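# Provided below for reference: sequence and predicted model.
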Amino acid sequence: MNHLRYLPFFAVLATILFTGLRPDPIPQAFDQQDKLHHLLGFAALMFTMRLAFPQWRLAWAVALSLAAALLIEIGQGMLPARQASMGDMLANTLGVLLGWASSTLAYRWYLRRIGVTTEPEAAEPVARRANATRL
């Protein structure tokens with residue numbers, strides 16, 4: 001049952017690979033719509049990666065997400081009807097950062113929801129002792 005946490009990650013990864021490496025670009029309803037797709041797609045990739053692999057260090061998750069973004073951009077540059085761009089890579093990077101921030105906030109919310117605190121308990125008594133010694 002624990003293996004179900006991998007399913008959203010692989011679904012997002014497959015969607016990004018399919019849409020990123022298809023021969024023709026997706027039709028756009030407005031100018032620069034592809035940047036929004038890049039941002040949201042890589043935010044979803046990073047968020048689901050943190051869910052699927054919580055034991056990984058953040059640096060590894062970010063590095064793998066950015067490596068996937070770079071490889072997809074290189075692959076797009078090799079397709080005749082597609083082109084790689086720095087704007088797309090910037091949107092990918094911002095998406096990875098957005099996904100990381102969202103996963104961190106969701107994790108902290110979850111810990112508070114179940115009653116686990118992440119703040120040190122010793123900070124308050126130490127502050128009281130410091131104030132008592134001043135008097």
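Perfect, I can see it now.
# The chain: helices as residue ranges?
6-20, 33-52, 58-78, 86-113, 123-134 (DSSP state H).
# Any idea which of the ones you listed has the lowest pLDDT on average?
For the helices of the chain, the weakest mean pLDDT is recorded on helix 123-134, namely a mean of 56.
# so how far is Lys35 from Thr15?
According to CB to CB, to the nearest Å, Thr15 and Lys35 sit 17 Å apart. The way it works is simple: take the backbone N, C-alpha and C, and place the C-beta from them, glycine included.
# circling back: include distance to Pro27 and mean neighbour count when you put the helices of the chain into CSV, please.
Shown next, in CSV, are the helices of the chain (distance: least, CB to CB, whole Å; neighbours: other CB atoms under 10 Å):
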stretch, distance to Pro27, mean neighbour count
helix 6-20, 12, 15
helix 33-52, 9, 20
helix 58-78, 16, 15
helix 86-113, 17, 16
helix 123-134, 55, 9
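# who wins for proximity to Ile26 among the ones you listed?
Using CB to CB as the measure, helix 6-20 is the one of the helices of the chain that comes nearest Ile26, at 6.3 Å.
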